[in-house]
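>>> Can you look at this prediction? I've put the sequence above it.
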Amino acid sequence: MGITTSIDFPHDYLPLPLQDGFGFKPVSPMLRTQLTSGRARQRRLYTSTPTQASVSWFFSEGESQLFEAWYRETISDGAAWFNMKIRAPTGIYDRVCRFTDIYEGPTLTGGKYWQYSATLELWERPLVMPGYAGAAPGFVAQQDIFDLAMNREWPKA
């Protein structure tokens, strides 16, 4: 079961978050119980688990003002869930996320831009649609080849 929100990050005015050098940290969906024999039992507890993503932005002065006002007013100082485009191995898509705490910054960089960084909690791990790994593993693993073939070789209508 997913969550939805009508609050959107203001992508028309602010850039996508940068993730260079940053990554995703999924919460484990497993429960592991150590047995007295030395072995362990483990099982999946959840199919939907959150993922934390470390992100940063470089904003102009006007963008910085908008970001901080949006953070305070629109998402209640980071407490509310919102939709944001995030880049993942599955592509750039809207993800439902929220801040885990207040952002760090602004820090002046290069004398012109203000840097902010934060940790976002994504409602779900960014994965391919269920069923593809078992039904079409070649399509998933070699999708770049399929994309090239479709765009180069497919006849124009």
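That came through fine.

>>> Determine the three-state secondary structure at Phe67.
Counting by DSSP: H, G, I helix; E, B strand; the rest coil, the backbone at Phe67 sits in helix.

>>> Who are the contact partners of it?
By C-beta atoms under 8 Å, 6 or more residues apart in numbering, the residues touching Phe67 are Leu14, Trp57, Phe59, Tyr116. For the C-beta atoms, the positions are set from N, CA and C on the backbone; glycine is no exception.

>>> Just give the nearest non-adjacent residue to the residue most central in space within the chain, would you?
The C-alpha lying nearest the average C-alpha coordinate of the chain belongs to Ile86 (C-alpha atoms, centre = their mean; 4.5 Å). Sequence neighbours aside, Arg95 is the residue nearest to Ile86 in space, at 4.6 Å (criterion: C-beta to C-beta, 6 or more residues apart in numbering).

>>> Alpha carbons only: can I get whichever strand or helix holds that neighbour in PDB?
Using DSSP states H and E, Arg95 maps to strand 91-99. What follows is strand 91-99, C-alpha atoms only, in PDB (Å, rounded to 0.1, in the frame of the first residue of the first chain):
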ATOM      1  CA  GLY A  91      15.100   6.800 -13.900                       C
ATOM      2  CA  ILE A  92      13.900  10.200 -12.900                       C
ATOM      3  CA  TYR A  93      10.500   9.900 -11.400                       C
ATOM      4  CA  ASP A  94       8.300  11.500  -8.800                       C
ATOM      5  CA  ARG A  95       8.800   9.900  -5.400                       C
ATOM      6  CA  VAL A  96       6.800  10.500  -2.300                       C
ATOM      7  CA  CYS A  97       9.300  11.800   0.300                       C
ATOM      8  CA  ARG A  98       9.800  14.000   3.300                       C
ATOM      9  CA  PHE A  99      12.800  15.400   5.100                       C
END
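
>>> which secondary structure elements does that strand contact?
Helices and strands touching strand 91-99, by 3 or more C-beta pairs under 8 Å, 6 or more residues apart in numbering; DSSP states H and E, are strand 82-88, strand 113-122.

>>> of all these, which has the lowest average per-residue confidence?
Ranked by mean pLDDT, these bottom out at strand 82-88, which scores a mean of 90.

>>> re the thing from before, list the strands paired with the strand holding Arg95, with their directions.
Here strand 91-99 is paired, per DSSP bridges, with strand 82-88 (antiparallel), strand 113-122 (antiparallel).

>>> List of residues touching the first one?
In this structure, residues lying in contact with strand 82-88 by C-beta under 8 Å, 6+ apart are 5, 7-9, 11, 16-17, 19, 24, 53, 55, 74-75, 92-98, 120, 122, 126.
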